[in-house]
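K.L.:
for reference, the sequence and a predicted model appear below.
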Amino acid sequence: MPKMKTKASAKKRFTFTGTGKIKRRHAYKSHILTKKSKKRKRNLGYFAIVDNADAKNVKAMLVK
């Protein structure tokens, strides 16, 4: 049986932290930024941790 492949789209979007959690970027930071407050745009720039409900699916996509 061949090896499982990593999903290329997930490989580009997610990374692991040192403790094994999955980091992701926030959505809504790419365009129509004039109506968004500075605080909102700044907070969208930081990384977030993938929720436990989604972590299992994301890990499955990142399997090598």
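P.N.:
Yep, that arrived. Numbers count the residues shown, from 1 in each chain.

K.L.:
and the helix or strand residue 56 falls within, average pLDDT?
P.N.:
Using DSSP states H and E, residue 56 maps to helix 52-61. For helix 52-61, mean pLDDT rounds to 95.

K.L.:
and if you look at stretch 13-24?
P.N.:
96.

K.L.:
what sits up against that stretch?
P.N.:
25, 47-50, 55, 58-59, 61-62 (Cβ atoms under 8 Å, 6 or more residues apart in numbering). Bear in mind the C-beta positions are built from the backbone N, C-alpha and C, glycine included.

K.L.:
one more: stretch 52-64?
P.N.:
3-4, 6-7, 9-11, 14, 21-22, 50.

K.L.:
tell me which two of these sit farthest apart.
P.N.:
Farthest apart among the contacts of stretch 52-64 by Cβ to Cβ are 3 and 21. That separation is 25.0 Å.

K.L.:
between those two, who's got more neighbours?
P.N.:
Using other Cβ atoms under 10 Å as the criterion, residue 3 and residue 21 rank with residue 21 on top: 12 against 7.

K.L.:
tell me how far that one lies from residue 54.
P.N.:
Residue 21 sits 12 Å away from residue 54, going by Cβ to Cβ, to the nearest Å.

K.L.:
ok, the most centrally placed residue in the chain to residue 1 distance?
P.N.:
Nearest to the mean C-alpha position of the chain, counting by Cα atoms, centre = their mean, stands residue 24 at 2.2 Å. Counting by Cβ to Cβ, the separation of residue 24 from residue 1 is 30 Å.
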